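>>> Structure for the following, please:
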Amino acid sequence: MKKVTFLFSLLMAAMFAHAQVATNIYWVQFTDKANSPYSIDNPEAYLSERALQRRANLGIAIDEYDLPVNPQYLQAVADCGAQLINPSKWLNGVSIYTADASVVEAINALEFVSTVRNCPNNPEAQKMKERWMANEMKPVAANRATNDFYGGAEAQVKQLNADKLHEMGFDGTGVIIAVLDGGFQGTPDQSCFNTMREEGRLLGTREFVYGQNTVYSQSTHGTSCLSTMGAYDPNNMVGTAYNASYYLIHTEDGDTENIIEEYNWVSGAECADSLGVDVCTTSLGYIDFDMTQWSHPFEHFDGKTAPMSIGAEIAVSRGMICMNAAGNEGDGTCTLGIPADAEHVLTVGAVDASGNRAYFSSVGPTYDGRIKPDVMAMGESTYVATGYGNMWPYYNGSGTSFATPVLAGAVACLRQARPYASVQEICDAIRAAGNRADNPDSKYGYGIPDFAAALEMLHVSELPATAKEILNVYPNPSQGEVHVALKEGVSADVSVYDFMGRQLYTCSFNGSNLSILEGYLNTLESGVYFINAISEQDSQTLKLVVTK
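Okay, here's the model as predicted:
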């Protein structure tokens, strides 16, 4: 059975009965967001302050994707008799539950509904899934030396040179990571997370499968993934982003293999965005479903067809760095799982401690010929927490599931070090720092990244002096004191805009009123601004980053 949910629990966690019968779950697709009470001009109504600040830092404008689903549409669907499950603003629809065919007929008749998609299960296929999961790459008892600060995680941390970032003070402090997974059983009891809990860095949980706060059930898989980043148990296990903050988001239903789980994930990623998350890591993926009419043929692996891949691309466009496990299907013709095909997602394959590709690590290329995976990290005999408490706290597990968060923690440290670098710039630097960057392929991608080298590649450039330059603003980024230099003999009309494109200030600038313009710029709060200068001969737009 080709299946890529990557749930490598230490033991098969006890499965809980689903709150609804999955045969009666549907996806309702809306046509538009017309007449919404929400506005692009008032993003504070649906995005947190931190989410808005992330956009400001990266110069990303609010657009229609950010607008929530029209609540009037949701109410109309509910009025037809359906139980609402998870709305998705990026896909502009909602998952629902109903056992009544007349309710589906009534929803289909609504003028703002384009399609209603049934998402049923096959119980026999579910039995096959459970057997597959039970036999998949069983973990073995931990066998690592524990005399190093990182304990058993030493090899996987140092393989990426993430320890070099830690030595420079970049340990994930101030960065928020969302882990989207199939369950976090045992996380509250695992001592390697004590420091995270005591310092208030376990920021919260979100449930998108059962409709209530049950993320600590069903599977230990998310707990093991979390430990590769957030564990802090010196000399036993320390992760790659041990001082970051975390949200735990449950989107994968271990009881089914249903396309509704892709929609769950998109809703979870939207939630992460609205909370201001910086880095998303997901060790899930989908190829075949219990009902084969929803399975993904090769032509779906183009990065823009499957619901989860579409959502992942939108997530990246919001300024979140997203990583996804490549999958564990080994060699073949594109053995990736959705959304590992998404172009701007960092797709992660697995290697062993010596840097050799794990035999099970999935390969590309994508349907449209792009190289995937992007990069590799340690996913064979990775050191992880069990989720079964301190009687047996750690073990060695295998899968691209574990390679992905190992790398995600290092990415968080890079984001801490370069808070104003774009997602594209960070991902490009990570690929360029790979040990196979000169000869990438669809088995290793760009290879194992050296994160110390990636850090050196990333920098915030001062505006270069050029013959056509009208004005220069420095230092940039500025911590509050801004200076302006005007090209000799030039006058210009200068306008200042915020990251949403709203004009904040305008003046005619000829050098004699230098102190007035500088005085205004020095009043700007932290954020990203654009300064446009137009002279008789030239025009120029530059970005100013203020960090007070």
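>>> When you work out contacts or count neighbours from here on, use the C-alpha atoms and nothing else.
Will do.
>>> after the longest helix anywhere in the chain comes which helix or strand?
Counting by DSSP state H, the longest helix found in the chain is helix 400-417. Following helix 400-417 in sequence order, the next helix or strand is helix 423-432 (DSSP states H and E).
>>> What's the mean pLDDT across the longest helix of the chain?
Averaged across helix 400-417, pLDDT comes to 96.
>>> What segments of the stretch 201-350 of the chain are strands?
Along the stretch 201-350 of the chain, the stretches classed as strands by DSSP state E, counting those that start in this stretch are 202-207, 232-233, 237-238, 245-250, 279-282, 321-325, 346-351.
>>> Let me have those in TSV, adding mean pLDDT as columns.
Formatted as TSV, the strands of the stretch 201-350 of the chain follow (pLDDT from 0 to 100):
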stretch	mean pLDDT
strand 202-207	95
strand 232-233	96
strand 237-238	96
strand 245-250	96
strand 279-282	98
strand 321-325	97
strand 346-351	98
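>>> out of the ones you listed, which comes closest to Val545?
Nearest to Val545 among the strands of the stretch 201-350 of the chain is strand 321-325; the distance by C-alpha to C-alpha comes to 20.0 Å.
>>> got the angle between that closest one and helix 423-432?
50 degrees (axes from the mean of the first three to the mean of the last three C-alpha atoms, to 10 degrees).
>>> circling back to that earlier point, deepest in the core, which of the strands of the stretch 201-350 of the chain is it.
Mean neighbour counts were compared across the strands of the stretch 201-350 of the chain using mean count of other C-alpha atoms under 10 Å; the top stretch is strand 346-351, at a mean of 32.
>>> Contacts for that one next, please.
When contacts are defined by C-alpha atoms under 8 Å, 6 or more residues apart in numbering, strand 346-351 is touched by residues 321-327, 340-341, 357-358, 361-362, 372-380, 399-400, 403-404, 407, 427, 444.
>>> hey, C-alpha coordinates of stretch 289-304 in PDB?
Provided in PDB are the C-alpha atoms of stretch 289-304 (Å, rounded to 0.1, in the frame of the first residue of the first chain):
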ATOM      1  CA  PHE A 289      -6.500   7.200  -0.100                       C
ATOM      2  CA  ASP A 290      -9.000   4.600   1.200                       C
ATOM      3  CA  MET A 291     -11.300   5.600  -1.600                       C
ATOM      4  CA  THR A 292      -9.200   5.400  -4.700                       C
ATOM      5  CA  GLN A 293     -11.100   8.100  -6.600                       C
ATOM      6  CA  TRP A 294      -9.300  10.700  -4.400                       C
ATOM      7  CA  SER A 295      -5.800   9.100  -4.800                       C
ATOM      8  CA  HIS A 296      -3.100  11.300  -6.400                       C
ATOM      9  CA  PRO A 297      -1.800  10.100  -9.800                       C
ATOM     10  CA  PHE A 298       1.600  11.300 -11.000                       C
ATOM     11  CA  GLU A 299       0.300  14.300 -12.800                       C
ATOM     12  CA  HIS A 300      -1.000  15.700  -9.500                       C
ATOM     13  CA  PHE A 301       2.600  16.100  -8.300                       C
ATOM     14  CA  ASP A 302       3.100  19.500 -10.000                       C
ATOM     15  CA  GLY A 303       3.000  21.600  -6.800                       C
ATOM     16  CA  LYS A 304      -0.300  23.200  -7.700                       C
END
